[in-house]
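Colleague: sequence-free structure coming up:
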């Protein structure tokens with residue numbers, strides 16, 4: 001039986017590339033997206049034609065019990081999930097405070113933070129019993145810096161980052177790797193940036209800043225800051241109280 005990787009949020013950008021990478025590395029890759037059955041089937045077919053194993057699921061994580069049912073179905077019918085990649089975005093567009101309704105603000109939180117909480121709640125206890133596992137969470141510049149027009153998105157992503165820190169503080173010593181990855185740049189994805197900009201502006205951006213100019217995720221994606229810490233090294237507020 002091959003190890004199982006679950007990618008939650010496998011659009012045409014990061015999610016699809018990650019799914020193909022894990023499949024080519026010997027994993028049975030499961031992935032989910034909220035819409036576009038044709039796109040889902042196409043990705044499954046691509047992986048299988050390349051010699052990999054894949055299963056796709058349409059699942060709206062905003063629906064009650066959707067994530068929980070998905071995890072249990074995969075664990076029972078395909079195998080234990082060794083790696084899960086949470087790649088659900090929370091971008092509702094660039095909106096002023098007046099243009100951001102309570103419903104829109106809450107949607108960003110449900111997708112960006114609450115969905116991750118629900119995934120962790122159902123899967124991490126299973127990984128804990130097995131003594132190993134990996135939760136990889138993609139995130140955004142907004143998790144570190146809030147800009148005008150990003151009230152919902154920045155709040156959701158900052159919450160996502162803090163949730164990863166608390167999950168790591170609880171589960172790191174139990175053999176589970178929690179990783180929060182900031183994607184600080186534009187991703188060449190027609191179903192995210194492409195939808196936000198529209199096809200003409202998206203193509204113009206690709207021509208202006210892409211491919212041979214390294215304007216998106218190539219050399220420009222090299223990081224200048226990396227946080228690496230043994231699981232036993234915890235911040236003072238998570239360590240044993242010191243007697244003064």
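Modeller: Received the coordinates, thanks. Just so you know, these numbers come straight off a predicted model, no measurement behind them. Residues are numbered from 1 along each chain as shown.
Colleague: Might you report the residue contacts of the residue nearest to residue 131 when sequence neighbours are not counted?
Modeller: Counting by Cβ to Cβ, 6 or more residues apart in numbering, residue 131 lies nearest to residue 175, which is 4.8 Å off, once chain neighbours are set aside. Yep, even glycine has a C-beta here, placed from its N, CA and C like the rest. Applying Cβ atoms under 8 Å, 6 or more residues apart in numbering, one finds that residue 175 lies in contact with 127, 128, 131, 132, 133.
Colleague: In helices only, show me the residues you listed.
Modeller: The helices, defined by DSSP state H, take in 127, 128 from the contacts of residue 175.
Colleague: From the contacts of residue 175, list just the buried residues.
Modeller: Burial by neighbour count, 16 or more other Cβ atoms under 10 Å: within these this picks out 127, 133.
Colleague: okay, the residue nearest to residue 131: pLDDT?
Modeller: Confidence at residue 175, expressed as pLDDT, is 90.
Colleague: Any figure for the gap between it and residue 121?
Modeller: Per Cβ to Cβ, to the nearest Å, residue 175 is found 18 Å from residue 121.
Colleague: Then residue 130?
Modeller: 16 Å.
Colleague: max-length helix in the chain?
Modeller: Per DSSP H, the chain has its longest helix at helix 151-171.
Colleague: before we move on, back to that, greatest separation within the contacts of residue 175: which pair is it?
Modeller: Taking Cβ to Cβ, the two most distant members of the contacts of residue 175 are 128 and 132; they sit 9.2 Å apart.
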